[in-house]
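# sequence-free structure coming up:
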């Protein structure tokens with residue numbers, strides 16, 4: 001190949017102060033290098049363009065660090081109290097720490113400035129009465145960077161409510177007719193008449209005395225009730241305890257029954273002493289029944305009882321002999337005196353004779 005002085009060879013390529021001899025192989029290498037350079041520059045432009053580091057798998061326009069807050073609500077009816085129980089859920093959808101600001105309304109579970117970690121969800125609860133049409137909850141999250149820049153985002157949710165039907169009310173059972181328990185006092189007894197003729201179930205009656213006392217089945221007692229519910233006790237001749245059953249006290253109460261519905265009246269009595277108190281409890285078909293005025297006390301006040309006779313035990317015998325002797329002696333003295341006066345009168349009698 002011939003060189004011409006003062007003219008560059010067209011096959012030569014000048015790179016700076018170097019001249020490279022161009023040939024077909026050199027041209028191919030340079031073209032490949034240029035293609036690689038252009039591809040790298042294009043890839044860098046795509047990854048740093050308007051999409052701002054688009055993350056794979058996210059919808060277009062959303063990035064891994066995009067800030068956001070979601071609010072959802074779920075309502076449940078509580079039939080026991082006829083109330084709505086609402087659960088509000090707040091989620092920090094970003095990958096940065098956030099805090100909640102003044103939840104509206106204030107509900108249990110959320111407090112001002114509570115921290116929400118990246119991606120964290122928290123729940124709050126609210127209770128509303130039946131008949132409330134709807135409920136809305138709003139949450140605001142705050143993000144702050146190291147230099148004091150802040151961003152606030154708010155979201156809300158609404159749930160439809162309405163009526164929360166309460167628990168079905170079971171009909172109350174018909175009242176059970178209780179037996180009549182009539183108490184009475186005599187001069188020596190505190191007694192009870194148990195009458196289940198109008199009752200609807202089996203009745204069991206318990207008598208608990210406050211002291212040890214003799215008791216037993218009694219006869220000869222009956223009662224009547226007038227139109228004003230006044231009770232009158234009738235006591236036949238010879239009425240009293242017909243069968244003694246021993247002693248009872250607080251540890252050993254008297255349990256009578258069960259008396260079936262329609263049973264004839266039964267009378268039970270306790271030997272009375274001043275202040276004796278009996279507490280009465282009742283059960284019908286095994287269920288306790290609340291009795292009013294179920295404490296009865298014996299007292300002699302108001303009873304027309306005869307005075308107790310002195311049987312002479314433990315005291316002195318009455319003094320009667322001295323008084324009788326004095327009376328007899330006085331009578332004898334009067335007789336003697338009368339006789340003496342009579343004789344004296346006869347001796348002094350003067351007889352007049354006519355001369």
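Received, thanks. The structure presented is a predicted model; accordingly, all values stated were derived computationally and were not measured. Numbers count the residues shown, from 1 in each chain.

# show me what contacts residue 303?
Going by C-beta atoms under 8 Å, 6 or more residues apart in numbering, residue 303 touches 185-187. For every residue, glycine as well, the C-beta is placed using N, CA and C.

# swap the cut-off to 7 Å and go again
Shown in contact with residue 303 (C-beta atoms under 7 Å, 6 or more residues apart in numbering): 185, 187.

# how many other residues sit next to the closest residue to residue 118 other than its chain neighbours?
Using C-beta to C-beta, 6 or more residues apart in numbering and skipping the chain neighbours, the partner closest in space to residue 118 is residue 95 (4.5 Å). The local packing of residue 95 (other C-beta atoms under 10 Å) involves 13 other residues.

# hang on, residue 95 in a helix?
No - checked against DSSP: H, G, I helix; E, B strand; the rest coil, residue 95 lies outside a helix; its state is coil.

# read off the pLDDT value for it.
On pLDDT, residue 95 comes in at 92.

# do I have it right that it meets residue 117?
No - using C-beta atoms under 7 Å, residue 95 is not in contact with residue 117, being 9.8 Å away.

# buried residues of the helix or strand hosting residue 242, list them for me.
According to DSSP states H and E, residue 242 maps onto strand 231-248. Neighbour-count burial for strand 231-248, counted by 16 or more other C-beta atoms under 10 Å, picks out 233, 239-241, 248.

# same for that strand, what does it pack against?
Under the contact criterion of 3 or more C-beta pairs under 7 Å, 6 or more residues apart in numbering; DSSP states H and E, strand 231-248 touches strand 213-225.

# who's in contact with the strand it packs on?
By C-beta under 7 Å, 6+ apart, strand 213-225 touches 182, 184, 191, 193, 231-236, 238-245, 247-248, 254, 267-271, 276.

# sorry, back to before: what is the next helix or strand after the strand holding residue 242 packed up against?
Where DSSP H and E defines the elements, the next helix or strand beyond strand 231-248 is strand 254-259. Judged by 3+ C-beta pairs under 7 Å, 6+ apart, strand 254-259 is in contact with strand 189-196, strand 203-209, strand 263-271.

# before we move on, back to that, where's the dip in pLDDT among the buried residues of strand 231-248?
residue 233 (92).

# and the closest residue in space to that one that isn't next to it in sequence, helix, strand or coil?
Nearest non-adjacent residue to residue 233, counting by C-beta to C-beta, 6+ apart: residue 184, 4.5 Å away. With three-state DSSP as the basis, residue 184 sits in strand.

# can you get me a residue count around residue 184?
20.

# surely it meets residue 191?
Yes - using C-beta under 7 Å as the test, residue 184 is close enough to residue 191 to be in contact (5.2 Å).

# check contacts around residue 99.
Residue 99 is in contact with 113-116, 141-142, counting by C-beta under 7 Å, 6+ apart.

# I'd assumed it was in a helix, is it?
No - per three-state DSSP, residue 99 lies outside any helix segment and is strand.

# can you give me the helices for the protein?
24-47, 321-347 (DSSP state H).

# domain ranges for the chain, per the record?
69-160, 180-297 (automatic domain parsing).

# mind listing what's buried along stretch 97-117?
By neighbour count on 16+ other C-beta under 10 Å, the buried set for stretch 97-117 is 98, 100, 103, 107, 110, 116.

# name the nearest of those relative to residue 81.
Nearest to residue 81 out of the buried residues of stretch 97-117 is residue 107 (C-beta to C-beta; 17.8 Å).

# verify the stated contact: that closest one with residue 123.
No - look at residue 107 against residue 123 with C-beta under 7 Å: they stay out of range, at 9.6 Å.

# overlap of the contact sets of the two?
Joint contacts of residue 107 and residue 123 (C-beta under 7 Å, 6+ apart) are residue 88.
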